[in-house]
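Q: 3D, please:
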Amino acid sequence: MASSQLMADYRQWLTFQGQEQLSREHQGIAQRLEDARASANQVVQAYRSMAEKASTEGACYRTLFLRERDNASLPCEGWLFVRRVLSEGNSTRVRVTLLETFTLEEGIIAPGDKPASKLTLEIYDKLDINKGMRTQVRVDCLDTPQDFHFITLLDAVRGDLRPHLK
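A: Here you go, the predicted model:
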């Protein structure tokens, strides 16, 4: 086997390893949120805090989300810059800029290698009738319906990504 093919296979294996790690992480965090019975109101308050820190400190937060392709949902990773939180009645929408940093198709993506995406997320409580009529909080993308179930981590923050958000 040629050395270049061997290295390509190795890089592909690393990408699959990264995908598996993200899958386990997204699933584990989603389960912890469900077990904690986090509500949409609590998540809205967290996003308001993120928006405040984004405007004053340029803070970006690590986010994991699912992307549906070919009837499969695979976790992706990125950094969110929360621009604004808009609440009207029972609806809360969040305007964000997303810098993707990992997808199965592309592997690891360095900030600036792929243009940032301006998105609108919606925060709501989803009724799950399979679990005895329990609700669970969801954050889904309105602009690209194949991107859904965003989980943004408050403890993973970067302030150096602002130049890549344009």
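Q: C-terminal to the helix or strand hosting residue 84, what's the next element?
A: Using DSSP states H and E, residue 84 maps to strand 72-88. Counting by DSSP H and E, the next helix or strand C-terminal to strand 72-88 is strand 91-103.
Q: and the helix or strand bottoming out on mean pLDDT in the chain, what's buried?
A: Lowest on mean pLDDT, DSSP states H and E among the helices and strands of the chain sits strand 134-141, with a mean of 87. Neighbour-count burial for strand 134-141 flags 135, 136, 137, 138, 139, 140, 141 (criterion: 16 or more other C-beta atoms under 10 Å). Every residue, glycine included, has its C-beta placed from N, CA and C.
Q: any stretches of this protein with poor pLDDT?
A: 1, 130-133 (pLDDT under 70).
Q: residue 63: neighbour count?
A: Using other C-beta atoms under 10 Å, residue 63 has 23 other residues around it.
Q: now the strands for this protein?
A: 60-69, 72-88, 91-103, 107-108, 117-128, 134-141, 147-158 (DSSP state E).
Q: any chance of these in JSON lines, with distance to residue 32 too?
A: Formatted as JSON lines, those follow (distance: least, C-beta to C-beta, whole Å):
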{"stretch": "strand 60-69", "distance to residue 32": "13"}
{"stretch": "strand 72-88", "distance to residue 32": "15"}
{"stretch": "strand 91-103", "distance to residue 32": "21"}
{"stretch": "strand 107-108", "distance to residue 32": "25"}
{"stretch": "strand 117-128", "distance to residue 32": "16"}
{"stretch": "strand 134-141", "distance to residue 32": "12"}
{"stretch": "strand 147-158", "distance to residue 32": "10"}
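Q: mind checking which of those strands is nearest residue 5?
A: When the strands of the chain are compared by C-beta to C-beta, strand 107-108 sits nearest residue 5, at 16.9 Å.
Q: so how far is that closest one from its chain's centroid?
A: Offset of strand 107-108 from its chain centre (C-alpha atoms, centre = their mean, to the nearest Å): 15 Å.
Q: could you point out the longest helix of this structure?
A: Scanning the chain for the helix with the most residues, using DSSP state H, yields helix 3-36.
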